[in-house]
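*Asks:* below: sequence and its predicted model.
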Amino acid sequence: MASGKHVDLDFSTYPWRGGYSVINFFQRSYGLTNEEHKLQVSKLQYASPGFIELTGVIGVAADVATLVSTLCGSVFAINKTYDSVVSSYHKRKLGSINVQEAASKLSRDDIEFVRNSVKNLSESFNLKHEHITAIQQISNENELVQLKMLLALYRRAEPIVEQQDSGKARLE
């Protein structure tokens with residue numbers, strides 16, 4: 001994302017009750033990405049075994065590769081953390097809470113769960129301090145929105161991890 005552009009973003013205004021908030025979050029984020037930061041197809045081979053070679057800004061590509069490598073390297077532990085968080089998330093019915101009203105509707109235990117889940121997922125994903133700070137800013141410090149963003153990030157990264165594990169993708 002362009003430097004400083006995240007300052008004007010506020011994804012806490014999204015309802016975060018279903019798929020469209022997640023889709024809009026990723027589309028809006030991608031739309032604000034500078035052209036030079038977007039991945040570009042540099043090579044495409046159709047003949048078997050086919051491949052697509054993508055190029056991009058080293059820092060951005062390295063962040064994606066780090067996330068995928070972290071998920072690949074600790075897939076069992078991260079899956080366990082994710083599954084535990086999602087299970088409790090559903091039991092607490094956090095998906096049906098309007099995120100703008102969360103502070104007044106969540107119990108102290110729910111607030112602590114959300115806070116700990118954000119911390120655990122951020123650590124599991126090996127997010128840098130700058131990434132955590134950006135998530136806090138674009139969520140307007142709303143920890144329930146941060147949790148929903150991190151869960152969406154996992155769901156978006158998981159298929160890439162599966163491709164990496166099966167040898168169909170190689171992030172370098």
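*Replies:* Perfect, I can see it now.
*Asks:* quick one, what contacts the residue nearest the centre of the chain?
*Replies:* Centroid-nearest residue in the chain, with CA atoms, centre = their mean: residue 153, separated by 2.1 Å. Applying CB atoms under 8 Å, 6 or more residues apart in numbering to residue 153 gives the contacts 67, 125. All C-beta atoms are positioned from the backbone trio N, CA, C, and that covers glycine.
*Asks:* check it and give its pLDDT.
*Replies:* Looking at residue 153, its pLDDT stands at 88.
*Asks:* with the one 4 residues further on instead?
*Replies:* In the prediction, the pLDDT value recorded for residue 157 is 83.
*Asks:* buried residues in the helix or strand in which it is found?
*Replies:* Using DSSP states H and E, residue 157 maps to helix 143-166. Buried residues in helix 143-166, counting neighbours by 16 or more other CB atoms under 10 Å, are found at 143-154, 157-158, 160-161, 164.
*Asks:* how about stretch 54-74?
*Replies:* Of the residues in stretch 54-74, 60-61, 65, 67-68, 70-72 count as buried by neighbour count, 16+ other CB under 10 Å.
*Asks:* residues in contact with that stretch?
*Replies:* So stretch 54-74 is contacted by 36-42, 78, 124-128, 131, 153-154, 157-158, 160-161, 164-165, 171-172 (CB under 8 Å, 6+ apart).
*Asks:* pLDDT averaged over it, what's the number?
*Replies:* Regarding stretch 54-74, the rounded mean pLDDT is 75.
*Asks:* then that stretch to CSV, C-alphas only?
*Replies:* C-alpha atoms of stretch 54-74 as CSV (Å, rounded to 0.1, in the frame of the first residue of the first chain):
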residue,chain,number,x,y,z
LEU,A,54,5.7,-13.4,-10.9
THR,A,55,7.8,-10.4,-10.0
GLY,A,56,7.2,-7.6,-7.5
VAL,A,57,8.7,-5.3,-5.0
ILE,A,58,11.2,-7.3,-2.9
GLY,A,59,9.9,-6.1,0.4
VAL,A,60,6.2,-6.9,-0.4
ALA,A,61,7.1,-10.3,-1.9
ALA,A,62,9.3,-11.0,1.1
ASP,A,63,6.5,-10.2,3.5
VAL,A,64,4.1,-12.6,1.6
ALA,A,65,6.8,-15.3,1.5
THR,A,66,7.5,-14.9,5.2
LEU,A,67,3.8,-15.3,6.0
VAL,A,68,3.5,-18.4,3.8
SER,A,69,6.7,-19.9,5.1
THR,A,70,5.6,-19.3,8.7
LEU,A,71,2.3,-21.0,8.0
CYS,A,72,4.0,-23.9,6.2
GLY,A,73,6.7,-24.3,8.9
SER,A,74,4.2,-24.3,11.7
